[in-house]
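Asks: Mind folding the following:
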Amino acid sequence: VIFDEATQETLQTDPAVCRLGEKSRYYFEVGLKLAYLTKNFKLQEILVNAYIQRYHDLMTLSSGMGEANRSSIRKAVPSQFLSSLTALEEDMHRGAREAEDQYQRWTGSFSCWQLEPSHIAEVPAFKRARAGA
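Replies: The predicted structure is shown next:
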């Protein structure tokens, strides 16, 4: 029932709006196993493509880095999307947030370094004028 035609159509058009976590915590795993056992190649393709798109949307949403794009995540309310993740997606989101935090902590550790002025490049004219005033 959770892999019916209407859900498959929604997964093809805009996977971010599907509340998959409410249908099953292991939606992709169960769906791919079911598609394999029933030899439903169309369902396999839909699930894989939806998973890739949701993964992309999740990483775009999870990361402070990344380019704004025409992703379907822009149409979905981020808090609604995050509340409907599957177990695998929740683990990925948690890992992405942890990686972002670790990266911020690492780059923040360099904030105490002061760059010395270059002896090759001259001080810009507007800074010389201010220093002389």
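
Asks: Asn49 is in contact with Gln12, correct?
Replies: Yes: taking CB atoms under 8 Å as the definition, Gln12 is a contact partner of Asn49 at 7.3 Å. (C-beta placed from N, C-alpha, C; glycine too.)

Asks: Low-confidence bits of this structure, can you list those?
Replies: Scanning the chain with the threshold set as pLDDT under 70 gives 62-79, 111-119, 121, 123-133.

Asks: residue ranges for the strands of it, please.
Replies: Remark: strands of the chain are absent; assignment by DSSP state E.

Asks: which one is the spatially most central residue of it nearest to, not counting chain neighbours?
Replies: Geometric centre of the chain, nearest residue: Met59, 1.3 Å, by CA atoms, centre = their mean. Using CB to CB, 6 or more residues apart in numbering and skipping residues adjacent in sequence, the residue nearest Met59 is Ala96, 6.0 Å away.

Asks: Report the separation between the one you found and Asp57.
Replies: Separation of Ala96 from Asp57 (CB to CB, to the nearest Å): 12 Å.

Asks: Who has more neighbours out of the two?
Replies: When neighbours are counted by other CB atoms under 10 Å, Asp57 comes out ahead of the other of Ala96 and Asp57, with 22 against 16.

Asks: The more buried one is in contact with Asp14, isn't it?
Replies: No: using CB under 8 Å, Asp57 makes no contact with Asp14, being 9.9 Å away.

Asks: Which stretches in the chain count as helices?
Replies: Ranges of helices within the chain are 5-13, 20-23, 27-38, 41-62, 78-83, 87-108, 125-132, based on DSSP state H.

Asks: Off-centre distance for the third one?
Replies: Put plainly, it is helix 27-38. Relative to its parent chain, helix 27-38 has a centroid offset of 24 Å by CA atoms, centre = their mean, to the nearest Å.

Asks: Tell me how many other residues crowd the nearest residue to Leu85 once chain neighbours are set aside.
Replies: Nearest residue to Leu85, sequence neighbours excluded (CB to CB, 6+ apart): Gly21, at 5.0 Å. Using other CB under 10 Å, Gly21 is surrounded by 18 other residues.

Asks: repeat for the one 10 residues further on
Replies: Gly31 is flanked by 26 other residues according to other CB under 10 Å.
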